[in-house]
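K.L.:
Build me a model from this:
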Amino acid sequence: MVLAGVGVDILEIARMERALKRTPHMKTRLFTKEEQEYCDKSGWPAEHYAARFCAREAVLKALSTGFSQGVGWQDVSVTRDESGRPRALLKGRAKEIAQEQGIQEVALSLSHTHELAIANAVCVSEEVRPKKKEASDPRRTLDKAFREARSVLDDLDNIEDEGATPEPLEGSDALTSEQKLLQNQGASGNPAGEGDEHRATSSKR
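P.N.:
Reported below is the predicted structural model:
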């Protein structure tokens, strides 16, 4: 399956102008009625016909095919969307080839100068199209935010508990070594330093 195909074609407008004058019926064979109406109402029809001829070539190049493979001249045409942008319209064999390749969209761009017309086509399959973002549910969003806030508060509580000084529990087993040492020193009447020195001396014996 083709992920994406790109096609570009360029044509001298003067060549199209000469061809239209030499063979007037050519435009009815190559172009759709909609295309003819659009081009003929312009001040210089040849530049628009040339751009639409390039569009056919560019689209077929993007599909990796050509007119020799059963594609008719009007199987690829140019229409315009609501905003006026050019859009490739496929039918017949051209549409079949696009479906076989899994093509979901054909992006088309047309341009021309005083001398040249150019078209750029990009055939895009489903695999490379941007995925549509799922509509967010306000309730789920609020619930997620609440759970995240609750988690932060729980973490703060744990940090405070770890930093607090533990209260001694009842019973001798709960006394710390430091508390036991102080109790022993208090019972014998020895200061802390003397007791330590005494124990150190006793251990040498």
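
K.L.:
can you list the weak-confidence ranges in the protein?
P.N.:
Regions of the chain meeting the criterion pLDDT under 70 cover residues 1-3, 127-139, 141-143, 145-146, 148-150, 152-205.

K.L.:
domain parsing for it?
P.N.:
Following automatic domain parsing, one gets these domains for the chain: 4-128, 174-205.

K.L.:
a markdown table please, covering those domains and showing mean neighbour count and distance to Ser151.
P.N.:
Backbone N, C-alpha and C define where each C-beta goes, glycine included. Putting those into a markdown table (neighbours: other CB atoms under 10 Å; distance: least, CB to CB, whole Å) gives the following:
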| stretch | mean neighbour count | distance to Ser151 |
| --- | --- | --- |
| domain 4-128 | 17 | 37 |
| domain 174-205 | 10 | 33 |
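
K.L.:
Please enumerate the helices of this protein.
P.N.:
Under the criterion DSSP state H, the chain contains helices at 13-22, 26-30, 33-40, 45-62, 92-100, 138-163, 177-188, 192-204.

K.L.:
Identify the residue nearest His112 in space, chain neighbours excluded?
P.N.:
Glu47 (4.9 Å; CB to CB, 6 or more residues apart in numbering).

K.L.:
and the gap between the one you found and Leu20?
P.N.:
Per CB to CB, to the nearest Å, Glu47 is found 11 Å from Leu20.

K.L.:
Would you mind measuring the gap between the ends of stretch 33-51?
P.N.:
Using CA to CA, to the nearest Å, the end-to-end distance of stretch 33-51 comes out at 16 Å.
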